[in-house]
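> quick check, what structure comes out for this input:
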Amino acid sequence: MNKVYTLETDPFYLEIPNFYTADECDMLHYSFMHLPPQMIDTDTRKCIRREKLDWKLSDLVYKEIEHHLPAFIANGTGYQYRTRMNGIFVHVIYSTGEQFKPHMDGSYTTPNGAMETRMTWLLYLSTPKKGATLFHDKYGKVVHRCEAEKGKVVLFSHKMQHSGELVDGCKATLRNDIFYS
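The predicted model follows:
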């Protein structure tokens, strides 16, 4: 991968193709469809978004991906250690002509300050004709394309600048975060 713009000195990035089967993706996709949708229409993105708190699912997914993640990440004067996955899953659907403009994922710190999310877990639930996740350098130039392929998991540092390519078809994703403490 070329130099991606990041606010972290040693960003982490990993694509795992076919991590989930098509049937597993369909099951996860449809398990969110009964939830009330949030219609997001801003300057940054347009999509349908649903959220679900599911600690059992997060524990299961974390056990499946844990060994792919860095055990620790530098944090100022010390290190934070991999702890667990957040319980909040975000299901997003983009249709033809929609996209997510360049951004960096935000970090969430627990109320007691003990844990902070530092990694993004992204699962593609569909394969659109177009709809890659694009990673940018500090000038905004695309330096890496991650094609949206059903079943692929992408793990990356929150502070890597990325965007969603203008979609052709239907791009469905499931997103979550990894806690470090």
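> now do the contacts for L69.
The neighbourhood of L69, defined by Cβ atoms under 8 Å, 6 or more residues apart in numbering, consists of F12, R82, M119, L155, I178. C-beta: built from backbone N, CA, C; applies to glycine.
> least confident secondary structure element in the chain?
None of the helices or strands of the chain scores lower by mean pLDDT, DSSP states H and E than strand 72-75, at a mean of 90.
> could you list every helix and strand in contact with whichever helix or strand comes after that strand?
Using DSSP states H and E, the next helix or strand after strand 72-75 towards the C-terminus is strand 78-85. With contacts defined as 3 or more Cβ pairs under 8 Å, 6 or more residues apart in numbering; DSSP states H and E, the secondary structure elements packing on strand 78-85 are helix 55-65, strand 72-75, strand 116-124, strand 170-180.
> of all the ones you listed, which one is nearest R49?
Nearest of these to R49, taken as Cβ to Cβ: strand 170-180 at 9.7 Å.
> let's see the closest one as CSV, backbone CA atoms only.
The C-alpha trace of strand 170-180 is given here as CSV (Å, rounded to 0.1, in the frame of the first residue of the first chain):
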residue,chain,number,x,y,z
CYS,A,170,-26.1,-1.5,-3.7
LYS,A,171,-23.3,-1.4,-1.2
ALA,A,172,-24.1,-2.8,2.2
THR,A,173,-21.6,-2.8,5.0
LEU,A,174,-21.4,-3.7,8.7
ARG,A,175,-19.0,-1.6,10.8
ASN,A,176,-17.7,-1.8,14.3
ASP,A,177,-14.7,-0.7,16.4
ILE,A,178,-12.0,-2.4,18.4
PHE,A,179,-11.2,-1.2,22.0
TYR,A,180,-7.7,-0.8,23.3
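> and it, how far from the chain's centre?
The gap between the average C-alpha position of strand 170-180 and the chain average comes to 4 Å, counting by Cα atoms, centre = their mean, to the nearest Å.
> hang on, the earlier thing: what's the closest of the helices and strands packed on strand 78-85 to V143?
Closest to V143 of these, according to Cβ to Cβ: strand 116-124, at 17.6 Å.
> tilt between the closest one and strand 78-85?
Angular relation of strand 116-124 and strand 78-85 on a 0 to 180 degree scale: 50 degrees, by axes from the mean of the first three to the mean of the last three Cα atoms, to 10 degrees.
> paired strands for the helix or strand just after strand 116-124, with orientation please.
As assigned by DSSP H and E, the chain's next helix or strand after strand 116-124 is strand 133-136. Strand pairing for strand 133-136, using DSSP bridges, gives strand 142-146 (antiparallel), strand 162-164 (antiparallel).
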